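Undergrad: Based on what follows, work out the 3D shape:
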Amino acid sequence: MLAFLEQFLMMFPEIRSAPLFVVGESYAGKYVPALGIQIHRHNKNNPSNHINLKVCIAKDNAGLLATQSFIPCQHCIATSHCADCSAKPTSSKKCLFILVQRFEIFQGIAIGNGLVELRQMMHYSTMCSVLGVLEGPQIEQVEMLEKKVIQLIDAKKMVDAANTFNETIEYIKKHTGISVYNFMEEPSSGAPDFEEFINRTDVKELIHVGNATFILNNQLVYQKMLPDFANTTKPFIEELLEHYGVLAYNGQLDMILGYSLSKHMYDTLKWSRRESYFQSPRRRLRKYANGSVVGYKKAGGNFVDVLIRGAGHMVPADQPEVAKFIIDSFIEEFKK
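TA: Have a look, this model is predicted:
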């Protein structure tokens, strides 16, 4: 992801001076902190005007940037010269070795309904009991599965932990009959309109994916990602909080990564200014137009925690106006 960002800024240097905020939702609770910490450590370890990551790109004979990107070989890295690049550019292109400037503009990260640390979020039995969607023996079964997930994580059996977590979610879905992505809705079959759109020939051409077919629930990808599912990125967030703004927002109607689950994780975060967050008041967020309450915000010590009413797991889809306001406000507060 860091290599992508470097090459993206090469291709579009006009946006290099813009403040950089890394934002994502759901499983991006892994990607966003990971990329953020890469950028932070990268800059910290390379205080000069250039960083030491090397990227090979191809230029055509007219000197224009080509669409292909090449990973530099060890020869390139050692000699800062691409005459023997393992990427093997075609004879019509010459491989150019480039040093990319530091990410001086990195300002913070934002995560929506994020999977950050599964272990601290295993409180589904309590959530389902409070919502009234499960009771008695059903709650006991979920509690048993939660304990098993925690035991497997502690034993470093991450694939087994991920599979048991999925068993927990499937049990909740089966016995509640509602969508875990928004408990006010019926279960859905996914996003067929989006899948159809993204597989259109004209769209594929625009996003440069060749002849690849997008599959919404790709089991091969799922299996490849399974070993990472129960790992944590909480230490990355704790390190980033010492230097940058961190926004965590949740839709109130989400069950799969609901607010109460995330709040357990927030309360275990450790950084030097954590007391500023814990002692800060929780404030209501209102619409300017009619004064209606759209959410609740608690902020302090670089950490901003927002609960958004009327939204499930996909906050920007359920409450686009509020989601944009939350992100815009965060950027305005932390950009330099």
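Undergrad: Tell me which stretches of the stretch 101-250 of the chain form strands.
TA: For the stretch 101-250 of the chain, the strands defined by DSSP state E, counting those that start in this stretch cover 106-112, 245-251.
Undergrad: least reliable of the ones you listed going by mean pLDDT?
TA: Mean pLDDT across the strands of the stretch 101-250 of the chain is lowest at strand 106-112; the value there is a mean of 92.
Undergrad: follow-up on the earlier one: distance to Ser26 and mean neighbour count added to the strands of the stretch 101-250 of the chain, as CSV?
TA: Just so you know, the C-beta spots here come from the backbone N, C-alpha and C atoms, and that holds for glycine as well. As requested, these are exported to CSV (distance: least, C-beta to C-beta, whole Å; neighbours: other C-beta atoms under 10 Å):
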stretch, distance to Ser26, mean neighbour count
strand 106-112, 7, 25
strand 245-251, 11, 25
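Undergrad: Domains in the protein, by residue range?
TA: The record assigns the chain these domain ranges, following automatic domain parsing: 2-16+31-107, 120-176, 192-228, 234-334.
Undergrad: hmm, back to that, between the strands of the stretch 101-250 of the chain, which one is closest to Gln120.
TA: strand 245-251 (12.9 Å; C-beta to C-beta).
Undergrad: The closest one to strand 106-112, inter-axis angle?
TA: If you take axes from the mean of the first three to the mean of the last three C-alpha atoms, to 10 degrees, strand 245-251 sits at 10 degrees to strand 106-112.
Undergrad: which residues of the stretch 151-300 of the chain score low on pLDDT?
TA: Per-residue confidence of the stretch 151-300 of the chain (counting by pLDDT under 70) places the weak regions at 189.
Undergrad: ok, which stretches of it are helices?
TA: 158-176, 192-198, 201-207, 219-225, 234-241, 259-266, 274-278 (DSSP state H, counting those that start in this stretch).
Undergrad: Give me the contacts around the third one.
TA: Contacts made with helix 201-207 from outside it, assessed by C-beta atoms under 8 Å, 6 or more residues apart in numbering, are listed as 197-198, 210-212.
Undergrad: which of these tops the neighbour count?
TA: Neighbour counts for these (other C-beta atoms under 10 Å) peak at Ile198, which has 15 neighbours.
Undergrad: Which residue, neighbours along the chain excluded, lies closest to it?
TA: Of all residues not flanking Ile198 in the chain, Phe214 sits nearest, at 4.7 Å (C-beta to C-beta, 6 or more residues apart in numbering).
Undergrad: That neighbour contacts Asn199, doesn't it?
TA: Yes: with contacts counted by C-beta atoms under 8 Å, Phe214 reaches Asn199, the gap being 5.5 Å.
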